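# need a structure here:
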Amino acid sequence: MKLEELRKIRERMGSELRLRGGKVRIRIVVGMGTSGIAAGAREVLRTFLEEIEKRKLNDVVVAQTGEKGFASKEPLVEIIEEDRSTVVYGNMTPEKARRVMVEHIVNGNVVGDYVVAIANPER
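Okay, here's the model as predicted:
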């Protein structure tokens with residue numbers, strides 16, 4: 001998938017979110033720095049976008065970020081939810097992204113097998 005194709009999908013999803021009122025429950029942030037892209041981050045990003053669209057998850061958005069400093073764990077994905085700890089998953093693949101989508105995004109359960117960090121642990 002080319003970068004331009006990803007931009008078009010993101011623009012379409014962003015337009016749909018604005019039309020729906022803009023309430024975001026979960027933000028999925030994919031590391032798209034050089035090492036992330038080399039490790040397959042584009043495919044992971046595309047998988048999350050496709051799964052969101054397929055499941056009609058109106059309150060979940062995907063964003064991109066640069067290098068996070070964990071090149072050996074790329075592609076990295078952060079799951080940011082209001083009032084919950086931020087979870088960072090590492091060594092992601094499209095298959096792992098689908099599992100995270102079902103278990104974490106849809107059902108609310110962290111996929112411990114892929115976690116590399118948890119930020120701001122719940123008190």
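
# what sits against residue 94?
Going by C-beta atoms under 8 Å, 6 or more residues apart in numbering, residue 94 touches 40, 43, 44, 46, 47. No exception for glycine: its C-beta is placed from N, CA and C like everyone else's.

# before we move on, what about residue 29?
62, 63, 64, 65, 77, 78, 80 are the contacts of residue 29 under C-beta under 8 Å, 6+ apart.

# tell me the secondary structure at the third one.
Meaning residue 64. Secondary structure assignment for residue 64 (DSSP: H, G, I helix; E, B strand; the rest coil): strand.

# would you map the helices across this structure?
3-19, 34-38, 41-55, 94-100 (DSSP state H).

# who wins on neighbours among the contacts of residue 94?
Using other C-beta atoms under 10 Å as the neighbour criterion, residue 44 leads the contacts of residue 94 with 28 neighbours.

# now for this protein, the helix or strand with the poorest mean pLDDT.
For the chain, counting by mean pLDDT, DSSP states H and E, helix 3-19 ranks last in confidence among helices and strands (a mean of 60).

# mind checking pLDDT for the residue nearest in space to the middle of the chain?
What sits nearest the mean C-alpha location of the chain, by C-alpha atoms, centre = their mean, is residue 28, with 3.1 Å. Confidence at residue 28, expressed as pLDDT, is 97.
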